[in-house]
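[1] All I have is the shape, not the residue letters:
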């Protein structure tokens with residue numbers, strides 16, 4: 001490629017696919033490989049570390065005490081340390097208090113201006129919060145933290161309201177609105193306000209809480225977070241920075257999701273004629289997908305592969321482990337086992353077809369789509385749920401960029417244009 005020959009880092013990627021170092025961070029670390037002195041990439045089991053703590057540790061803590069963890073992760077990302085019991089209790093109350101939207105906001109900004117695209121509606125709602133904040137452009141640390149906590153609390157309510165009016169206007173279905181319930185976690189609040197009967201099980205809420213936990217941050221170099229950092233480096237307000245990150249998270253190149261939330265590229269019993277329990281037939285079907293003979297013709301096995309992780313994605317492993325019980329209870333056992341087969345077989349098929357050094361593994365999307373389906377969540381909400389989970393990370397990186405980087409991000413582009421003479425308008 002011409003850009004490679006000129007030393008241009010396309011997509012801010014090195015030639016070996018690793019990201020160009022553009023900054024430093026204490027928020028989180030994404031670990032997927034070792035790099036030797038000669039530049040060789042050595043695959044290793046993946047790790048995701050929030051403020052020095054592996055997400056495996058956080059998930060295990062939630063399991064050990066059968067409790068919700070997302071709120072504690074929010075505090076950890078924003079403030080850099082674990083909250084005390086008193087801080088944790090007060091913080092949960094603070095989030096509860098801000099779940100209700102400002103007076104008139106839902107009517108003016110959501111119900112009276114519906115959108116078929118929920119990420120678009122959420123981004124516009126975040127921008128609209130500027131008008132409800134007397135200190136919108138105050139970029140002091142206390143004010144940014146105040147704005148961040150408010151948005152983290154409000155976005156789930158914005159999402160559900162936007163979804164309900166979308167159902168009414170564009171899907172021609174009934175809509176229903178529920179007020180926040182005191183004492184609920186973020187995951188419980190989402191299920192309670194989303195479902196018509198407001199009923200859910202503790203196991204369902206805990207599984208959604210884990211989805212929020214594993215999506216809460218993913219380093220400073222991913223597309224949406226880097227967008228937030230770029231805008232924050234310019235000195236813009238919190239609402240502009242977070243809404244821009246929201247829009248980047250929604251774009252197809254930023255997040256590739258199976259459109260129907262099923263097993264990747266149609267790999268489930270309703271879409272493939274081959275026997276999904278037969279390894280040889282699944283392997284052959286995957287091979288046809290890579291050859292663009294099956295699936296959507298893109299040659300991609302959705303849910304497989306990642307820019308950093310090589311041997312395993314820790315987020316996928318957590319969701320895989322915790323999804324099994326509910327999958328068998330709700331009759332999704334065949335689809336769950338098929339996803340496990342894909343995770344096991346796809347790397348081998350990829351290596352045989354591509355003949356390259358790159359290693360692939362299951363990413364977080366392989367099992368998250370199944371979990372959302374088991375929870376009865378509309379596919380319209382898959383990416384919005386990711387955004388809700390990621391807002392704490394975006395806000396933490398914004399704080400870091402404003403407080404410590406203090407320099408506008410301004411990369412360069414190589415000009416390839418050729419000189420030309422100016423021709424007067426009357427002679428053209």
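    Good, I have the coordinates. Predicted model, so just to flag it, every value in this text is computed and none were measured.
[2] correct me, but residue 335 touches residue 371?
    No - counting by Cβ atoms under 8 Å, residue 335 sits too far from residue 371 to count as a contact (11.2 Å). To be clear about C-beta, it is placed using only N, CA and C from the backbone, and glycine gets the same treatment.
[3] as a whole number, average confidence for the helix or strand where residue 125 lies?
    Counting by DSSP states H and E, the element that carries residue 125 is helix 118-128. Along helix 118-128, the predicted confidence averages to a pLDDT of 95.
[4] what's the next secondary structure element after it?
    Using DSSP H and E, the helix or strand that follows helix 118-128 towards the C-terminus is helix 141-169.
[5] Which strands or helices does that next one pack on?
    helix 70-79, helix 85-97, helix 118-128, helix 186-194, helix 238-250, helix 382-400 (3 or more Cβ pairs under 8 Å, 6 or more residues apart in numbering; DSSP states H and E).
[6] how about the helix holding residue 125: buried residues?
    Neighbour counts using 16 or more other Cβ atoms under 10 Å place 118, 119, 121, 122, 123, 124, 125, 126, 127, 128 of helix 118-128 among the buried residues.
[7] swap in stretch 11-21?
    In stretch 11-21, counting by 16+ other Cβ under 10 Å, buried: 18, 19.
[8] which residues of this structure fall in strands?
    28-35, 41-50, 53-54 (DSSP state E).
[9] Redo those strands as JSON lines? Include mean neighbour count, mean pLDDT and distance to residue 14.
    Shown next, in JSON lines, are these (neighbours: other Cβ atoms under 10 Å; pLDDT from 0 to 100; distance: least, Cβ to Cβ, whole Å):
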{"stretch": "strand 28-35", "mean neighbour count": "18", "mean pLDDT": "93", "distance to residue 14": "10"}
{"stretch": "strand 41-50", "mean neighbour count": "18", "mean pLDDT": "94", "distance to residue 14": "10"}
{"stretch": "strand 53-54", "mean neighbour count": "16", "mean pLDDT": "98", "distance to residue 14": "26"}
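[10] would you turn those into JSON lines with distance to residue 13?
    Shown next, in JSON lines, are the strands of the chain (distance: least, Cβ to Cβ, whole Å):
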{"stretch": "strand 28-35", "distance to residue 13": "14"}
{"stretch": "strand 41-50", "distance to residue 13": "13"}
{"stretch": "strand 53-54", "distance to residue 13": "26"}
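[11] Would you quantify the distance from the most centrally placed residue in the chain to residue 407?
    In the chain, the residue lying closest to the centroid (Cα atoms, centre = their mean) is residue 386, at 3.9 Å. Counting by Cβ to Cβ, to the nearest Å, the gap from residue 386 to residue 407 is 29 Å.
[12] Looking at the closest residue to residue 249 other than its chain neighbours now. What's its pLDDT?
    In space, and not counting its chain neighbours, residue 249 is closest to residue 224: 4.1 Å by Cβ to Cβ, 6 or more residues apart in numbering. In this model, residue 224 is scored at 93, pLDDT.
[13] quick one: contacts for residue 224?
    Residue 224 is in contact with 245, 246, 248, 249, 254, 390, 394, counting by Cβ atoms under 8 Å, 6 or more residues apart in numbering.
[14] mind running it again at 6 Å?
    Shown in contact with residue 224 (Cβ atoms under 6 Å, 6 or more residues apart in numbering): 245, 248, 249.
[15] quick check, nearest of these to residue 413?
    Comparing the contacts of residue 224 against residue 413 with Cβ to Cβ places residue 248 closest, at 19.3 Å.
[16] correct me, but the closest one touches residue 228?
    No - look at residue 248 against residue 228 with Cβ atoms under 6 Å: they stay out of range, at 8.2 Å.
[17] quick one, which of those two is more surrounded?
    residue 228 (31 against 21; other Cβ atoms under 10 Å).
[18] gap between that one and residue 217?
    11 Å.
[19] next one: residue 419
    From residue 419 to residue 217 the distance is 47 Å (Cβ to Cβ).
[20] cool, and residue 169?
    Distance from residue 169 to residue 217, by Cβ to Cβ: 34 Å.
[21] So if I had to pick from these two, which one is more boxed in?
    For residue 169 versus residue 217, neighbours defined as other Cβ under 10 Å are more numerous around residue 217 (30 against 14).
[22] which residues does residue 388 contact?
    Taking Cβ under 6 Å, 6+ apart as the contact definition, residue 388 lies against 155, 156.
[23] One more pass at 10 Å, please.
    Counting by Cβ atoms under 10 Å, 6 or more residues apart in numbering, residue 388 touches 70, 122, 151-152, 155-156, 158-159, 186, 190, 211-212, 215-216, 246, 381.
[24] Identify the farthest-apart pair in those.
    The widest separation within the contacts of residue 388 (Cβ to Cβ) is 19.2 Å, between 151 and 211.
[25] Who has more neighbours out of the two?
    Taking other Cβ under 10 Å, residue 151 and residue 211 do not tie; residue 211 has more neighbours (27 against 23).
[26] so the more buried one touches residue 375, yeah?
    Yes - Residue 211 lies in contact with residue 375 (Cβ atoms under 10 Å); the separation is 8.9 Å.
[27] Need the residues touching each of these two.
    187, 385.
[28] picking up where we left off before, nearest approach to residue 282 belongs to which of the strands of the chain?
    Proximity to residue 282 (Cβ to Cβ) singles out strand 41-50 among these, at 23.1 Å.
[29] What are the buried residues along stretch 322-341?
    322, 323, 324, 326, 327, 332, 335, 336, 338, 339, 341.
[30] measure the fifth one to residue 377 for me?
    What it means is residue 327. For residue 327, the distance to residue 377 - Cβ to Cβ - is 15 Å.
[31] Check the fourth one too.
    Going from residue 326 to residue 377 by Cβ to Cβ gives 13 Å.
[32] Residue 361 against residue 311, yeah?
    Yes - using Cβ under 10 Å, residue 361 is in contact with residue 311, at 5.8 Å.
[33] Out of the two, name the residue with the larger neighbour count.
    Remark: of residue 361 and residue 311, residue 361 carries more neighbours, 23 against 15, as counted by other Cβ under 10 Å.
[34] Nothing else from me, thank you.
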